[in-house]
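> My questions concern the predicted model and sequence given below.
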Amino acid sequence: MRPHIIVNVAMSADGKLSTRERRQVKISGTQDFNRVDRLKAGSDAVMVGIGTVLADDPSLTVKAEECRNNRIQRGTDEQPIRIVVDSRARISPDASVFRKGSGKRVVAVSRKANPKKVEQLKKLATVIIAGEDTVDLLQLMEELGDMGIQRIMVEGGGTLIAGLIEQGLVDEIYSYIGNIIIGGRNAPTLADGEGFISESDFSRLTLLEYRKIETGILLHWNVEHPQ
Ligand code: NAP
């Protein structure tokens, strides 16, 4: 069975995830950071696209000791499995996702990836080959499901999220909207990619919860899946 997918992002009041130069911006505060840490700790895996790895070099680790201890007590690894979607295997072996924290890593590549680089990555991670040009997200989710992964938190960026939404793979979205305007027509948003043209293709959401957190607001959406 394919995993349940929860997207979490922080965006500015004008819907941008970072600057037009793709520079990381502090959008939320400590309280929201702790919420995200708990969401991550409650997931089997955390996933990002290679664009986020190249821009931000995140470790994707659970930071709070209490959350990590809770995971160990539940009988899971201290850290969720960390997954990078990276068709051409562009990730550096020195990336923080490999260097920081314990636990399994997965790099999803396509058949376009350089075989030598794939061999190198196999020393650091489980490599899943899915798709010809870009990563076939449906096949990837099947394979992650077969690995026993039931719940994945996707931390961005907008290109990967758009790909997942287009394939009908996203189940829930948390978007924290902070009190800044970043601007820029080319700055990343929650769902970049090509975009839908026809209204019948739009992804439909149901608002489950809204909550003021510090100086912004958290929206929690359920994504409808037409039968
Ligand atoms: P991204 O979504 O992290 O990664 C996109 C890349 O994933 C694609 O360019 C593609 O590169 C690869 N990919 C492989 N198969 C794919 C598929 N089927 N569908 C979609 N993507 C696929 O990159 P991004 O859109 O450039 O976002 C990065 C920016 O978002 C950074 O500025 C970062 O700071 C920001 N960000 C913000 C937040 C937030 O919450 N505010 C969170 C995360 C990131 P290949 O073709 O090379 O594989």
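Looks like it came in fine. Worth saying up front: this structure is predicted, and the values here are computed from it rather than measured.
> Have a look at the chain and report its longest helix.
Counting residues, the longest helix found in the chain (DSSP state H) is helix 30-41.
> and that helix, does that touch the ligand?
No. Shown here: helix 30-41 not in contact with the ligand (C-beta under 6 Å from any ligand atom), separated by at least 8.7 Å. Yep, even glycine has a C-beta here, placed from its N, CA and C like the rest.
> Just the buried positions in that helix, please.
32-33, 35-37, 39-41 (16 or more other C-beta atoms under 10 Å).
> Need those residues in CSV (columns: pLDDT and distance to V48).
Compiled in CSV, those are given as follows (pLDDT from 0 to 100; distance: C-beta to C-beta, whole Å):
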residue, pLDDT, distance to V48
D32, 98, 18
F33, 97, 17
R35, 98, 18
V36, 98, 13
D37, 98, 16
L39, 98, 14
K40, 98, 12
A41, 98, 17
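> Among these, pick out the one closest to the ligand, please.
Minimum distance to the ligand across the buried residues of helix 30-41 is 8.7 Å, recorded for V36 (C-beta to the nearest ligand atom).
> Find me whatever residue is spatially closest to S59, sequence neighbours aside.
Once flanking residues are discounted, S59 sits nearest to K100: 3.8 Å by C-beta to C-beta, 6 or more residues apart in numbering.
> The one you found - how many residues pack around it?
K100 has 14 neighbours, counted by other C-beta atoms under 10 Å.
> cool, and I149?
22.
> Check the spacing between the residue nearest the centre of the chain and I180 real quick.
In the chain, the C-alpha nearest the mean C-alpha coordinate belongs to V154, at 2.3 Å (C-alpha atoms, centre = their mean). Distance, V154 to I180, by C-beta to C-beta, to the nearest Å: 23 Å.
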